[in-house]
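Participant: Predicted model, plus sequence, below.
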Amino acid sequence: MLTPKRPIFFNFKTFKKELVKLPLRHQIAFNAACCERIIPNYNAFSRVTNSGDPSVPRKALDAVWHFLEGEPMDAVKYHQLREEIYSLPLDDIESLIDIDSDECQNLFLYGVDAVLDAICQTLEACFDPNIKSFFMPVDKAREIVEFFVESLDEDFPDNIDSVYPNLEILDRDKMDILDKHPLSIREVAKENEDLQRLQETPILDREILEWLRTSFDNDGKSNINLG
C-alpha cells in the first residue's frame, strides 16, 4: 500500500513497482480506469471539430471491461476493434481544429493520440498472453495533465523558460509547480486509490470493476476537465 505524505507527480518508479506486482488482469483493470479519465478528451475533440467518432474508442474500451467480466477476446474481435480505432481520421487533424491558440491545438493533437494509443494498448493486453505488464495508459494520463498545466494553465508562467538560466533549477521548479497543481494531485490520488483497491481485491468481481469504471466522478469530463 502506498501512503505518501503528498502525491509526487514525477516519482513514478515506486508506484510502477507496486503496479507490476498485481496480476495482469488487475493491471488491465487499473489501466482501463486510466483510459476512462482521458477518453472525454477525444469526445471534446470530436465535438469541437465535428469529426471522428466517439463511439469507436468507447466501444473498444467497453470491450476491455467485458473481457474483465469474462468475455473472451479472440483475434477477430481484437483486430476489428484495433482497426476501427486506427481508421479514425487523424491524418488531417490540424486542419480540423479551428482554434486560435496554438497551445489549444497542440493539446487537442496530443490528447487525441494519447487516448487512442492508451486504449489500443489496454486492448492488446486483453489479447496477448505474453504481455506481463504495461504502463502506457497511466503514463498518458499523467502526461496529459503535465501538457495541460504547462501549455494552458495560468498557474504556469508563460516565460518560465526565460527566467531560469539554470536548466536544473528550471526543471526542479517546473516539477514543483506541477506537483502542487490541483489536477496533478487529483490524478495521482485517484491512481493511488485504484491501486490500493486492487491490492485489497484478489478477485475482480463486477462490483470492483464497476467501481473502477465509474468512480472518477467529474461530470463526464476528463482529468483535465474537458468533455
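Facilitator: Great, that's in hand. Numbering: from 1, shown residues only.
Participant: Find the centremost residue of this protein, please.
Facilitator: residue 141 (2.9 Å; C-alpha atoms, centre = their mean).
Participant: List the contacts of the nearest residue to that one once chain neighbours are set aside.
Facilitator: Spatial nearest neighbour of residue 141, chain neighbours left out: residue 34 (4.5 Å); criterion: C-beta to C-beta, 6 or more residues apart in numbering. The way it works is simple: take the backbone N, C-alpha and C, and place the C-beta from them, glycine included. By C-beta atoms under 8 Å, 6 or more residues apart in numbering, the contact set of residue 34 is 118, 137, 138, 140, 141, 191.
Participant: Adding secondary structure and pLDDT, write those out as JSON lines.
Facilitator: Formatted as JSON lines, these follow (DSSP: H, G, I helix; E, B strand; the rest coil; pLDDT from 0 to 100):
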{"residue": "118", "secondary structure": "helix", "pLDDT": "97"}
{"residue": "137", "secondary structure": "helix", "pLDDT": "97"}
{"residue": "138", "secondary structure": "helix", "pLDDT": "96"}
{"residue": "140", "secondary structure": "helix", "pLDDT": "94"}
{"residue": "141", "secondary structure": "helix", "pLDDT": "96"}
{"residue": "191", "secondary structure": "helix", "pLDDT": "96"}
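Participant: and of those, the nearest to residue 82?
Facilitator: residue 118 (13.0 Å; C-beta to C-beta).
Participant: Pull the number of nearby residues for residue 73.
Facilitator: For residue 73, the neighbour count with other C-beta atoms under 10 Å is 19.
Participant: just to revisit the earlier point, of all the contacts of residue 34, which comes closest to residue 25?
Facilitator: Nearest member of the contacts of residue 34 to residue 25, counting by C-beta to C-beta, is residue 137, at 14.7 Å.
Participant: So that closest one sits against residue 118, correct?
Facilitator: Yes: using C-beta atoms under 8 Å, residue 137 is in contact with residue 118, at 3.9 Å.
Participant: hmm, back to that, of the contacts of residue 34, buried ones?
Facilitator: Among the contacts of residue 34, those buried by neighbour count (16 or more other C-beta atoms under 10 Å) are 118, 137, 138, 140, 141, 191.
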